[in-house]
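Visitor: from the sequence below, what's the structure:
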Amino acid sequence: MDPITAITRGGTTWTPEFAVALDSKKCIGCGRCYKVCTRDVLELIDRSDEDIDEDTEDDSESISSVMSLADPMDCTGCGACSRVCPKNCLTHKALPLGV
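Guide: Purely as a prediction, here's the structure:
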């Protein structure tokens, strides 16, 4: 199946790239992505609810919250979340309809 394509108002073909993953080990819980998402795709959760590998040598222990993909099927593929993320936590991919 081919990925979804759209046309901008100006007539240019555009392929949306949808949020498919979020690296919770990189996430600092700043909420920037949550604030720009207009579709409630993201949700801030307590880090204690996440499965975190205790052998990592990053500063994730001091961060109390982390973002998660609450409803990835509602993503419009605008990419705003990735543009504001200071840690590049999100992964996006062009997908066919319904996948």
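Visitor: so where is the protein shaky, pLDDT-wise?
Guide: Scanning the chain for pLDDT under 70 picks out the ranges 49-62.
Visitor: helices of that one, start to end?
Guide: Remark: helices assigned in the chain by DSSP state H are 32-36, 80-84.
Visitor: could I get these as CSV with mean neighbour count and distance to residue 99?
Guide: In short, each C-beta sits where N, CA and C put it, glycine included. Listed next are the helices of the chain as CSV, based on neighbours: other C-beta atoms under 10 Å; distance: least, C-beta to C-beta, whole Å:
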stretch, mean neighbour count, distance to residue 99
helix 32-36, 17, 22
helix 80-84, 16, 19
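Visitor: I'd like to know which of the ones you listed is closest to residue 48.
Guide: Nearest to residue 48, of all those, is helix 32-36, at 18.8 Å by C-beta to C-beta.
Visitor: ok, and what's touching that closest one?
Guide: 42-44, 67, 80-86, 89-90 (C-beta atoms under 8 Å, 6 or more residues apart in numbering).
Visitor: stretch 69-87 now?
Guide: Contacts for stretch 69-87 (C-beta under 8 Å, 6+ apart): 4, 16-22, 26-28, 30, 32-33, 35-43, 88, 90, 92, 94.
Visitor: so how do I select the buried members of these in ChimeraX?
Guide: Filtering these down to the buried ones (16 or more other C-beta atoms under 10 Å) takes a single ChimeraX command:
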select :4,16,17,18,19,22,27,28,30,32,33,36,37,41,42,90,92
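Visitor: now render the helices of the chain as JSON lines, adding distance to residue 48.
Guide: JSON lines is the format used below for the helices of the chain (distance: least, C-beta to C-beta, whole Å):
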{"stretch": "helix 32-36", "distance to residue 48": "19"}
{"stretch": "helix 80-84", "distance to residue 48": "23"}
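Visitor: among those, which comes closest to residue 12?
Guide: By C-beta to C-beta (comparing all of these), the closest turns out to be helix 80-84, at 18.4 Å.
Visitor: dump the C-alpha coordinates for that closest one into PDB.
Guide: Extracted in PDB, the C-alpha atoms of helix 80-84 (Å, rounded to 0.1, in the frame of the first residue of the first chain):
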ATOM      1  CA  ALA A  80       4.800  20.100  14.900                       C
ATOM      2  CA  CYS A  81       5.700  17.900  17.900                       C
ATOM      3  CA  SER A  82       9.100  17.000  16.500                       C
ATOM      4  CA  ARG A  83       9.900  20.500  15.500                       C
ATOM      5  CA  VAL A  84       9.500  21.700  19.100                       C
END
